[in-house]
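Engineer: Pasting the sequence and the predicted coordinates here, then a few questions.
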Amino acid sequence: MFRLYRNHEFHRGCSPSDYALVMSPRAALEQAKKYYDFNPESYSNYGPFQTPNLLWGAQTWMPAQRGYTDPVYSTVKSELETGWLIGIDLMESWISNSKENLKTSITRMH
């Protein structure tokens, strides 16, 4: 299960093993588009320091056309890139991925 956390929420309640679950900003944004509501019409006002709502149905958000603002997407992207938001995937850690990738690389070398 993917989840977005505010930086302070994550650091307040995490254990050292939780750091292996942190996703890159780009990967977290891709997951957030699947699990969170980015549709600006779902919010009366969306701004910094707000976490988007979890989706309870199909995603209705479509990226804004060139030249138009996309406030929820832009804010989430910016906050992931600056570290104010952190994406966590509870099902997969980057350490296990790294070990698996290493095994695959070693297997290919032989």
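Structural biologist: Now that the structure is in, tell me what you want to look at.

Engineer: Now name the helix or strand holding the closest residue to residue 25 other than its chain neighbours.
Structural biologist: Leaving out its chain neighbours, the residue that sits closest to residue 25 by C-beta to C-beta, 6 or more residues apart in numbering is residue 80, at 4.1 Å. No exception for glycine: its C-beta is placed from N, CA and C like everyone else's. Following DSSP states H and E, one finds residue 80 within helix 71-82.

Engineer: For the helix or strand that that helix is followed by, which outside residues touch it?
Structural biologist: The helix or strand immediately downstream of helix 71-82 is strand 85-89, counting by DSSP H and E. Residues from elsewhere that reach strand 85-89, judged by C-beta atoms under 8 Å, 6 or more residues apart in numbering: 1-7, 10, 18, 21-23, 25, 27-29, 31-32, 51, 76, 79-80.

Engineer: mind running it again at 10 Å?
Structural biologist: 1-11, 14, 18-32, 35, 49, 51-52, 75-80 (C-beta atoms under 10 Å, 6 or more residues apart in numbering).

Engineer: Mind listing what's buried along stretch 72-88?
Structural biologist: Buried residues in stretch 72-88, counted by 16 or more other C-beta atoms under 10 Å: 72, 73, 75, 76, 77, 79, 80, 84, 85, 86, 87, 88.

Engineer: so which of those comes closest to residue 66?
Structural biologist: Relative to residue 66, the closest of the buried residues of stretch 72-88 is residue 73; by C-beta to C-beta it sits at 13.5 Å.

Engineer: Helices of this structure, start to end?
Structural biologist: Using DSSP state H, the helices of the chain run over 7-13, 25-35, 71-82, 94-109.

Engineer: The second one packs against which elements?
Structural biologist: So the one you mean is helix 25-35. strand 2-6, helix 71-82, strand 85-89 (3 or more C-beta pairs under 10 Å, 6 or more residues apart in numbering; DSSP states H and E).

Engineer: could you give the angle of it to helix 71-82?
Structural biologist: 150 degrees (axes from the mean of the first three to the mean of the last three C-alpha atoms, to 10 degrees).
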